[in-house]
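Enquirer: 3D, please:
(3 chains)
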Amino acid sequence: MTSDIQRIGVTRRWSDAVLHGNTAHFVEVADDPTQPIRGQVTQLLDQIDSRLRLIGSDRTRLLMVQIFLTDLNNGSVLNELWDAWIPEGHAPARACVQTGLAPGYLIEMVITAALLPTT
Amino acid sequence: MTSDIQRIGVTRRWSDAVLHGNTAHFVEVADDPTQPIRGQVTQLLDQIDSRLRLIGSDRTRLLMVQIFLTDLNNGSVLNELWDAWIPEGHAPARACVQTGLAPGYLIEMVITAALLPTT
Amino acid sequence: MTSDIQRIGVTRRWSDAVLHGNTAHFVEVADDPTQPIRGQVTQLLDQIDSRLRLIGSDRTRLLMVQIFLTDLNNGSVLNELWDAWIPEGHAPARACVQTGLAPGYLIEMVITAALLPTT
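Expert: Have a look, this model is predicted:
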């Protein structure tokens, strides 16, 4: 019935990723929020790689990333790690704003990525 | 000309829902913002049901929901009602952050949902 | 290989627009953030027009716009200019919340737009 939608890592509250048509939707926060910003961004980018691998995509196929930071002063660390991580020529559209997040979390990313085209 | 895009509840400023391809985009705030958080979340989830019904979809077909709360302390009430509302096995990707909202409003949701596949 | 994704204005950090399937994703802030809110909104709406023209779309084909304002009191100026800019009958779904933004910036928009259907 709903086989046109594929959900990965489904809990009562959210799914780790939702695939529909040619697109995947997912949200990431650092698995370990006790770390400072550098550790959280590093974890988060690793988690995105894992998630993308799991759905047969990769970091060259990000379409849009919305970044929520609890402190825009952490943007320089974010950008340093982000710039090194994004494959040249494949940067997504990106928004970055400051909001509150659940205790401990310093950064959250909302991601839209392209699945591999079915041939 | 633009018949590939269907707009529902169009005003000068926004549409209640916009349908394109296999996907619907809509934003919800409680119709009555004088209510406390429990009343606003209850309304909002009801409104999502109505909106989804109107476009021939339902709550098993949510892809991504971004939640903006004016106070993350309202997250426990949100989660209690949300967890009971989401059909098991069909949770969307979900982000939840704290932002300011227009006076009275305690919660706003940005929703991407799948339309029924055309057969 | 990734010719199903088209990126425009690619930098190390982001792309000005990313096209995939029937949809475009982009984020806009005013090119000149020294201006007050009226100038920033005016610039931003002009920039959206330019971006849409570049990808063969136009302002009748906006699907979803998420607006981040640093001060919701600037909403009245935003709405005045927005209402005059949106072609009647073609308003997108729209969210508007208050967040922090990088120094000087008063408004940021996250945009999902429909490309012209391929015939």
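
Enquirer: from here on, just use CA atoms for contacts and neighbour counts.
Expert: Will do.

Enquirer: for the helix or strand where residue A:50 lies, name the packing helices and strands.
Expert: Using DSSP states H and E, residue A:50 sits within helix A:37-54. For helix A:37-54, the packing partners by 3 or more C-alpha pairs under 8 Å, 6 or more residues apart in numbering or on different chains; DSSP states H and E come out as strand A:23-29, helix A:75-85, strand A:107-114.

Enquirer: near chain C, which residues of chain A?
Expert: Chain A has residues A:22, A:61, A:63-64, A:72, A:79, A:82-83, A:86, A:88-99, A:114, A:117 near chain C, with proximity defined as C-alpha under 8 Å from any C-alpha of the partner chain.

Enquirer: buried subset of those as a PyMOL selection?
Expert: Here is the PyMOL command that picks out the buried ones among these, judged by 16 or more other C-alpha atoms under 10 Å in any protein chain shown:
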select buried, chain A and resi 61+63+64+72+82+86+89+90+91+92+93+94+95+96+97+98+99+114
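
Enquirer: near chain B, from the residues of chain A next to chain C?
Expert: residue A:99.

Enquirer: redo the helices and strands packed on helix A:37-54 as CSV? Include mean pLDDT.
Expert: Converted to CSV, the helices and strands packed on helix A:37-54 look like this (pLDDT from 0 to 100):
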stretch, mean pLDDT
strand A:23-29, 98
helix A:75-85, 98
strand A:107-114, 98
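
Enquirer: burial count for residue A:50?
Expert: 15 (other C-alpha atoms under 10 Å in any protein chain shown).

Enquirer: same question for residue A:67.
Expert: 20.

Enquirer: strand partners (parallel or antiparallel) of the helix or strand harbouring it?
Expert: Taking DSSP H and E as the criterion, residue A:67 maps to strand A:62-69. Sheet pairing of strand A:62-69 (DSSP bridges) gives strand A:93-98 (parallel), strand A:107-114 (antiparallel).

Enquirer: and of those strands, who's closest to residue A:53?
Expert: Closest to residue A:53 of the strands paired with strand A:62-69 is strand A:107-114 (C-alpha to C-alpha; 11.7 Å).

Enquirer: which residues does the closest one contact?
Expert: By C-alpha atoms under 8 Å, 6 or more residues apart in numbering or on different chains, the surrounding residues in contact with strand A:107-114 are A:22-30, A:37, A:40-41, A:57, A:61-70, A:101, B:95, C:5, C:20.

Enquirer: coming back round to it: alpha carbons of the strand holding residue A:67, as PDB, please.
Expert: What follows is strand A:62-69, C-alpha atoms only, in PDB (Å, rounded to 0.1, in the frame of the first residue of the first chain):
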ATOM      1  CA  LEU A  62      23.000  16.600  -0.900                       C
ATOM      2  CA  LEU A  63      20.300  18.900  -2.200                       C
ATOM      3  CA  MET A  64      19.500  21.200   0.800                       C
ATOM      4  CA  VAL A  65      20.800  21.300   4.300                       C
ATOM      5  CA  GLN A  66      19.200  23.500   7.000                       C
ATOM      6  CA  ILE A  67      21.500  24.000  10.000                       C
ATOM      7  CA  PHE A  68      20.300  25.100  13.400                       C
ATOM      8  CA  LEU A  69      23.000  26.300  15.800                       C
END
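
Enquirer: and the angle from it to strand C:23-29?
Expert: 40 degrees (axes from the mean of the first three to the mean of the last three C-alpha atoms, to 10 degrees).

Enquirer: got the angle for strand A:62-69 vs helix A:37-54?
Expert: Per the same axes, to 10 degrees, the angle that strand A:62-69 makes with helix A:37-54 is 150 degrees.

Enquirer: how far does the helix holding residue A:50 sit from the chain's center?
Expert: How far helix A:37-54 lies from its chain's middle: 7 Å, per C-alpha atoms, centre = their mean, to the nearest Å.

Enquirer: buried set for that helix?
Expert: A:37, A:40, A:41, A:42, A:43, A:44, A:45, A:47, A:48, A:51, A:52.

Enquirer: list just the nearest of those to chain B.
Expert: Using C-alpha to the nearest C-alpha, residue A:51 comes nearest to chain B of these, at 12.7 Å.
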